[in-house]
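> only geometry, no sequence info:
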């Protein structure tokens, strides 16, 4: 009877470990490095490449470097807030180490200009 209980407890513990491991995001970028990128801003309202509507917190990036759906942390911005952004667009002119932040105001986007900032990938989306 004791062996049956121990076996049941062991199986239950093993199952909970498997379930909790499966519940964690598979593409969490642990210890991700900061990379220098060139940042610009855009103000065109519409539908992004991912199918979402443009909104504050939306960023366009080269999907070969940062896949659509990834979450990034941006720091060193002037004229916009440092923090977490979601890559929902790719932008035709965005190549390699460039990002383009969506701003609802075109005047603010023009004032933003081009800036060197640092980006770290927090969650990397799976490539299609």
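Ah, there it is. Model, not experiment: these values are computed from the prediction.
> Show me which residues of stretch 34-42 are buried.
37, 39-42 (16 or more other Cβ atoms under 10 Å). No exception for glycine: its C-beta is placed from N, CA and C like everyone else's.
> how much space between the nearest residue in space to residue 79 that is not next to it in sequence and residue 122?
Excluding the flanking residues, the one nearest residue 79 by Cβ to Cβ, 6 or more residues apart in numbering is residue 112, at 4.6 Å. According to Cβ to Cβ, to the nearest Å, residue 112 stands 22 Å off from residue 122.
> Those two: which has the busier surroundings?
More neighbours surround residue 112 than the other of residue 112 and residue 122, with 20 against 17 (other Cβ atoms under 10 Å).
> Quick check, pLDDT for the more buried one.
With respect to pLDDT, residue 112 scores 95.
> Quickly list what the most centrally placed residue in the chain is bridged to.
Centroid check for the chain by Cα atoms, centre = their mean gives residue 71 as the closest residue, at 1.2 Å. Beta bridges link residue 71 to residue 86, residue 123, judged by DSSP bridges.
> Contacts only, for it.
84-87, 121-123 (Cβ atoms under 8 Å, 6 or more residues apart in numbering).
> top of those by neighbour count?
residue 87 (27 neighbours).
> Run a quick check on that residue versus residue 64, I expect a contact.
No. Between residue 87 and residue 64 there is no contact under Cβ atoms under 8 Å: 11.9 Å.
> shaky segments in this protein?
1-31, 127-128 (pLDDT under 70).
> Would you mind giving the buried residues of stretch 34-42 as a markdown table with secondary structure and distance to residue 54 added?
What follows is the buried residues of stretch 34-42, written out as a markdown table (DSSP: H, G, I helix; E, B strand; the rest coil; distance: Cβ to Cβ, whole Å):
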| residue | secondary structure | distance to residue 54 |
| --- | --- | --- |
| 37 | strand | 20 |
| 39 | strand | 16 |
| 40 | strand | 15 |
| 41 | strand | 12 |
| 42 | strand | 8 |
